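> I would like the atomic coordinates for the input below:
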Amino acid sequence: MVTKIERNKKEKENSLYTAAYDLFTTKGINETAISDIVKKAGVAKGTFYLYFKDKYDILDKIILNKSSHVLSEAIKETNEKSFEVFEDKLTYFIDYIIEYLKSDRLLLKLIYKNLSWGVFRRAYKDYKEIQEIYTMFEKGYEGSDVTREHMEKILFMVLELTGSVCYSSIIYNEPESIDEMKPILFETILKII
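Purely as a prediction, here's the structure:
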């Protein structure tokens, strides 16, 4: 059973996360001070330092949590569908990520290009769904002569490429809109795998 003290601590931590996310996405990271975060969260400044070293510490944790959430939701939705071949499953997974980020540009701006291998590796142990992404790749390469190390490098490239293209095409419309870039992205990923 969770005690009242533990529940109160968790509520304060969650209010700090919520306040920081709101401020980072509306004011920007550089324009947001710790004093802004604690004021919006309704807690004392000292409380902030019980949970975080500085604003970049909370930013890193928000990026990890939000990016992991996107990847987790994408693999969950993908696993609920039935696919004949790995390529179709992977394309659906990538498309889900793209559509998610298209619908939440503020999130995409915040996580920048951090929908990446680094996030994947950090979240692997804590998120069952992140492990399922790895498993999807393992099953996709079952029976092939691709080594585990090589497969990890392919997964790295797919995640990095998807994150970068989403950021440039959704935020800046460069070199084209994401809808125009999607077929080329899918074609490139299929060549990589």
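> the longest helix in this structure is where?
Looking across the chain with DSSP state H, the single longest helix is helix 55-79.
> which strands and helices sit next to that helix?
helix 4-26, helix 34-41, helix 86-103, helix 105-111, helix 117-123, helix 128-140 (3 or more C-beta pairs under 8 Å, 6 or more residues apart in numbering; DSSP states H and E). C-betas here are computed from N, CA, C, even on glycine.
> which one of these lies nearest to N65?
Among the helices and strands packed on helix 55-79, the nearest to N65 by C-beta to C-beta is helix 4-26 (7.7 Å).
> what does that closest one rub up against?
2, 32, 36-38, 40-43, 47-48, 51-52, 55, 58-59, 61-62, 65-66, 106-107, 109-110 (C-beta atoms under 8 Å, 6 or more residues apart in numbering).
> returning to what we had before: present the helices and strands packed on helix 55-79 as TSV; the columns should include distance to E180.
What follows is the helices and strands packed on helix 55-79, written out as TSV (distance: least, C-beta to C-beta, whole Å):
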stretch	distance to E180
helix 4-26	26
helix 34-41	38
helix 86-103	12
helix 105-111	17
helix 117-123	26
helix 128-140	26
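> confidence score at the residue most central in space within the chain?
By C-alpha atoms, centre = their mean, the chain has its centre lying nearest to S67, at 1.5 Å. Looking at S67, its pLDDT is 85.
> listing request: residues of this structure with sub-threshold pLDDT.
Counting by pLDDT under 70, the ranges of the chain that qualify are 113-120.
> can you pull the domain assignment for this protein?
1-52, 60-192 (automatic domain parsing).
> on that earlier part again, buried members of the contacts of helix 4-26 into ChimeraX, please.
Command for ChimeraX that selects the buried part of the contacts of helix 4-26, burial taken from 16 or more other C-beta atoms under 10 Å:
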select :32,36,37,38,40,41,43,47,48,52,55,58,59,61,62,65,66,107,109,110
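> how much space separates the residue nearest to the centre of the chain from K9?
Between S67 and K9 the distance is 25 Å, computed by C-beta to C-beta, to the nearest Å.
> N65 too?
17 Å.
> quick one on the thing from earlier: quick one: closest of the helices and strands packed on helix 55-79 to K153.
Closest to K153 of these, according to C-beta to C-beta: helix 117-123, at 9.3 Å.
> good, we can wrap up now.
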